[in-house]
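Engineer: quick one: sequence and predicted model below, then my questions.
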Amino acid sequence: MDINFNKNEDHNRLLASELRQRLTKVALGGGEKRIAKLHAKGKMTARERIDYLLDKNTDVLEIGAFVGEDMYQEYGGCPSGGVIVVIGYIQKKQCIVVANDATVKAGAWFPATAKKNLRAQEIAMENHLPIIYLVDSAGAFLPMQDEVFPDKEHFGRIFRNNARMSSMGITQISAIMGSCVAGGAYLPIMSDEAIIVDKTASIFLAGSYLVKAAIGEEIDNETLGGATTHCEISGVTDYKAKNDQDALDKIKNIVSKIGAPKNAGFDRIDSASPNEQEEEIFGLLPAARNKPYDVLPIIKRLVDNSDFEQYKEDYGKTILTGYARIDGWAVGIVANQRSVSKNAKGELQVGGVIYSEAADKAARFIANCNQKKIPLVFLQDVTGFMVGSKSEHGGIIKDGAKMVSAMANSVVPKFTVVMGNSYGAGNYAMCGKAYDPRLMVAWPSAELAVMGGAQAAKVLLQIETASLKAKGEVLTPEKETQLFQEIKKRYDKQISPYYAAARLWTDAIINPLETRKWISMGIEAANQAPITERYNVGIMQV
């Protein structure tokens, strides 16, 4: 291995180590003191409940671990958005679990909490996965009620989704394991079955203090809406549990009896590991985001037997397309090629940029995968579409539109991995979040933005400089350099994968060595939802 490989490896392993440390910190939720207070009440934490519920020694995907990071600091922060969401196995059945974290503002709902809950429901609806709610929440966070309550993608949309999932035949099970107040009371009761924990859980539209203020009635919360009340008098809940463990055991029992789903029929054979060493990805991926590299060796370290059958190998070389298998599943891969190449006319083409012929090739390949019912995997390291008079005269907008149209209309499940750059329209064409990938993850090396930090800073500096000059201020070279660095620092923070993950622009930041697991479990989930729509973008159209 050469010196550059070793430098890249050191850099990327440090990024992976930082990821582990940040995940360890965020897993503490509201902190050790609040965890201890929860335990003193005889309750388990959200993560402990999930660990108990899921089958032992099975793979788990956590969605949105970094949601809310560095947000809402004026209120003390909101680690993981105050709710834990995972895809895992219960009684050997793949499910999605949503658990309020009562150590974070008593499980109150921030805007990010609502967004994360809606994302969990979206995953359940797209893939027909059973969804389990472990409810322990004080309801909407009142200081931010205007950002949680009234809009289409706010709190109320969750109850709409409850109703929609019932009509779709998607199993919803709720366990009320703590506070469940006001509008939040509808979520568990709109589920198919509801369990409530005796003495530590309650559910009502208004608590005892509000009842007294509203109608003058004096009553305690347990009598108002405890387990005995709702299991024996109102009939609102279906099962009474002695404690958290008993409630979770009841969920396991219910899930064990769910019938097998229909499937989409995606092809799978026995899994095989890559022939090439997966760990070498760390040395192959450049530390600098502007350095060219060959993506093919990385693909060979992600796919079974390192076997990748390229489609149109010698055409449109800035995108690689081809067929492979990941953990036995047949996949079609669309990957940005970052090495510099020559086209048929002998012209140099910059890696990571989408040219007309590459867009044309990708569009045709996407159509082929839809025809063959093969899930698509997009590996992003893209700076955008080629610009300039030559590209414009050659119809880059038209060819780019064909690629975006083919990808947007695809009915096979799509999965997106941001390995490096994800800039501008390149993010869209390579199945960014706006184009409904079933799962979208980023490696720690990822950057998501309209353009790179240095380019954006130069543009913003020009605007700032013109503004200052209009006011009669003269910029010295030193002042201009200082201003550039300030702008770039601010912009670089926004292109960080953690900034994107905090806002749920990606579902997770993952170690590159976890990529195969995420794609495999994602396709397994997608396979539970038969394809009912017809792909309408034919070969002649693209």
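Structural biologist: Received, thanks.

Engineer: how about the strands in the stretch 301-450 of the chain?
Structural biologist: Here the stretch 301-450 of the chain has its strands, by DSSP state E, counting those that start in this stretch, at 309-310, 319-326, 329-336, 341-342, 348-349, 353-354, 376-382, 384-385, 414-423, 439-442, 447-449.

Engineer: give the contact list for residue 143.
Structural biologist: residue 75 (C-beta atoms under 8 Å, 6 or more residues apart in numbering). (Each C-beta comes from the backbone N, C-alpha and C, glycine too.)

Engineer: can I take it that it is in a helix?
Structural biologist: Yes. Counting by DSSP: H, G, I helix; E, B strand; the rest coil, residue 143 is found in a helix.

Engineer: how far away is it from residue 200?
Structural biologist: Distance, residue 143 to residue 200, by C-beta to C-beta, to the nearest Å: 27 Å.

Engineer: low pLDDT regions in the protein?
Structural biologist: Residues of the chain that meet the criterion pLDDT under 70 lie in 1, 386-388, 390-395, 451-453, 456, 537-542.

Engineer: in this structure residue 228 contacts residue 197, no?
Structural biologist: No. Using C-beta atoms under 8 Å, residue 228 is not in contact with residue 197; the gap is 11.7 Å.

Engineer: so what strands line up beside the helix or strand harbouring residue 194?
Structural biologist: With elements taken from DSSP states H and E, the one containing residue 194 is strand 193-197. Next to strand 193-197 in the sheet, as set by DSSP bridges, lie strand 172-181 (parallel), strand 239-241 (parallel).

Engineer: check contacts around residue 105.
Structural biologist: Counting by C-beta under 8 Å, 6+ apart, residue 105 makes contact with 30, 75-76, 78, 82, 138, 141.

Engineer: gap between it and residue 29?
Structural biologist: Counting by C-beta to C-beta - residue 105 and residue 29 are separated by 10 Å.

Engineer: reformat the strands paired with strand 193-197 as JSON lines; add distance to residue 458.
Structural biologist: Converted to JSON lines, these look like this (distance: least, C-beta to C-beta, whole Å):
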{"stretch": "strand 172-181", "distance to residue 458": "51"}
{"stretch": "strand 239-241", "distance to residue 458": "61"}
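
Engineer: which of those sits most buried?
Structural biologist: strand 172-181 (a mean of 26; mean count of other C-beta atoms under 10 Å).

Engineer: tell me which residue of the chain is furthest from the middle?
Structural biologist: Going by C-alpha atoms, centre = their mean, the residue of the chain most distant from its centre is residue 472, 47.5 Å out.

Engineer: element containing that one?
Structural biologist: Using DSSP H and E, residue 472 maps to neither a helix nor a strand.

Engineer: what about the helices in the stretch 151-300 of the chain?
Structural biologist: 156-168, 186-189, 208-215, 221-225, 227-228, 244-255, 281-284, 296-300 (DSSP state H, counting those that start in this stretch).

Engineer: those helices into JSON lines, with extra columns for mean neighbour count and distance to residue 536?
Structural biologist: Formatted as JSON lines, these follow (neighbours: other C-beta atoms under 10 Å; distance: least, C-beta to C-beta, whole Å):
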{"stretch": "helix 156-168", "mean neighbour count": "16", "distance to residue 536": "23"}
{"stretch": "helix 186-189", "mean neighbour count": "21", "distance to residue 536": "36"}
{"stretch": "helix 208-215", "mean neighbour count": "12", "distance to residue 536": "52"}
{"stretch": "helix 221-225", "mean neighbour count": "18", "distance to residue 536": "50"}
{"stretch": "helix 227-228", "mean neighbour count": "18", "distance to residue 536": "52"}
{"stretch": "helix 244-255", "mean neighbour count": "19", "distance to residue 536": "37"}
{"stretch": "helix 281-284", "mean neighbour count": "22", "distance to residue 536": "37"}
{"stretch": "helix 296-300", "mean neighbour count": "19", "distance to residue 536": "29"}
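
Engineer: of those helices, which is nearest residue 477?
Structural biologist: Closest to residue 477 of the helices of the stretch 151-300 of the chain is helix 281-284 (C-beta to C-beta; 39.1 Å).

Engineer: elements contacting the closest one?
Structural biologist: Packing partners of helix 281-284 (3 or more C-beta pairs under 8 Å, 6 or more residues apart in numbering; DSSP states H and E): helix 3-26, helix 296-300.

Engineer: who is residue 342 paired with across the strands?
Structural biologist: When bridges are called by DSSP bridges, residue 342 pairs up with residue 348.

Engineer: burial of it, as a residue count?
Structural biologist: The tally of other residues near residue 342 (other C-beta atoms under 10 Å) stands at 10.

Engineer: picking that back up, of all the strands of the stretch 301-450 of the chain, which one comes closest to residue 11?
Structural biologist: Closest of the strands of the stretch 301-450 of the chain to residue 11 is strand 414-423, at 12.4 Å (criterion: C-beta to C-beta).

Engineer: okay, now the sheet partners of that closest one, with direction.
Structural biologist: Strand pairing for strand 414-423, determined by DSSP bridges: strand 376-382 (parallel), strand 439-442 (parallel), strand 447-449 (parallel).

Engineer: dump the ones you listed to JSON lines, plus mean neighbour count and distance to residue 485.
Structural biologist: Shown next, in JSON lines, are the strands paired with strand 414-423 (neighbours: other C-beta under 10 Å; distance: least, C-beta to C-beta, whole Å):
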{"stretch": "strand 376-382", "mean neighbour count": "27", "distance to residue 485": "26"}
{"stretch": "strand 439-442", "mean neighbour count": "26", "distance to residue 485": "26"}
{"stretch": "strand 447-449", "mean neighbour count": "22", "distance to residue 485": "18"}
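
Engineer: among those strands, which comes closest to residue 186?
Structural biologist: Closest to residue 186 of the strands paired with strand 414-423 is strand 439-442 (C-beta to C-beta; 28.1 Å).

Engineer: thanks again, I'm all set now.
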